[in-house]
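Enquirer: have a look at this prediction, sequence included:
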Amino acid sequence: MLKIVNLNSGYNKTKILHGVYLEINPKEIVVLIGPNGAGKSTALKSIFSLADVYSGKIIFKDIDITDLKTHELISLGISFVPQGRQVFSNMTVLENLEMGAFTINDQDIVKRSIENIFKKFTILEKKQNALAGNLSGGQQQLLAIARALIQNPQILLLDEPSLGLDPKTMKEVFEKIVEIKNEGISVLMVEQNAKQAVEIADRTYILENGTIAVEGGKDILKNKKIKDIYFGGGASF
């Protein structure tokens, strides 16, 4: 589905990622974890043309997308939910979803897409006329994810979807991410909540100083070296 090959990227002349290799298969959740400043968000932004790629390739379904613009990536089937629940606070839930359909010219398709979103996110249907700024933190995060799904993507990039959420709400958001995967959408997710993220992941990559240090499955956090380096020697998983 998506493959990153020997990626070197960053911002202006500051290199953040150094020779990163990463891939995600169809209908798979892949998680990026690691310490702050390791380059996790930069990896997502590099894919979505929001960072500077100095060398290497990003391949999506056998297409080299390294130099494509963000709107072209959306049209191909890639959507991105940035960190921090970025919704339009002074617009209603429905208006936020309509903003997510900005590249779709056929209003019948937009209407059907929003109807499908409401079937998946019933709380958003109930609150469709409420201002997004008045939603709870978890509801805003669900709205941000739903807005990205309006384009019917094949892969969804999520940057810290649990940021600032209480444990119960985080669990609900993660359950929704699993539902999205089960509907056939691949998910590449950056997360600080390592244990919870690994539990829903098919595979996990750990970034250290801009490079992939370890790749593994659900047992990756049992590695003592990983616990010592990334989460403190006393971490318990």
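Expert: That came in fine, so what should we check first? Since this is a predicted model, take the numbers as computed values, not measurements.

Enquirer: let me see the ranges of the helices in this structure.
Expert: 40-47, 70-76, 93-100, 107-120, 122-126, 137-149, 167-182, 194-200, 224-231 (DSSP state H).

Enquirer: in contact with Ser162, which residues?
Expert: Contacts for Ser162 (CB atoms under 8 Å, 6 or more residues apart in numbering) come out as 141, 170, 173-174, 191-193, 196-197. C-beta coordinates here come from the backbone N, C-alpha and C atoms, glycine included.

Enquirer: returning to that earlier point: among the helices of the chain, which is nearest Arg85?
Expert: Closest to Arg85 of the helices of the chain is helix 137-149 (CB to CB; 4.2 Å).

Enquirer: can you show me the CA trace of the closest one as CSV?
Expert: Extracted C-alpha coordinates of helix 137-149, given in CSV (Å, rounded to 0.1, in the frame of the first residue of the first chain):
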residue,chain,number,x,y,z
GLY,A,137,-12.2,16.8,23.4
GLY,A,138,-13.0,13.3,22.3
GLN,A,139,-15.8,14.4,20.1
GLN,A,140,-13.5,17.0,18.4
GLN,A,141,-11.0,14.2,17.7
LEU,A,142,-13.7,12.0,16.2
LEU,A,143,-14.8,15.0,14.1
ALA,A,144,-11.3,15.5,12.9
ILE,A,145,-11.0,11.8,11.9
ALA,A,146,-14.5,11.8,10.3
ARG,A,147,-13.6,14.9,8.2
ALA,A,148,-10.6,13.1,6.9
LEU,A,149,-12.7,10.1,6.0
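
Enquirer: heads up, I number from 605, so please use that
Expert: With 605 as the first residue, the last one maps to helix 741-753.

Enquirer: which other helices and strands does it contact?
Expert: Judged by 3 or more CB pairs under 8 Å, 6 or more residues apart in numbering; DSSP states H and E, the packing partners of helix 741-753 are strand 682-685, helix 697-704, helix 711-724, helix 726-730, strand 759-763, helix 771-786.

Enquirer: run through who's touching the fourth one.
Expert: Outside of helix 726-730, the residues that reach it under the criterion CB under 8 Å, 6+ apart are 697, 701, 721-723, 743, 746-747, 750.

Enquirer: now with 6 Å, please.
Expert: 697, 722, 750 (CB atoms under 6 Å, 6 or more residues apart in numbering).

Enquirer: so which of those residues comes closest to Ile651?
Expert: Ala750 (20.6 Å).
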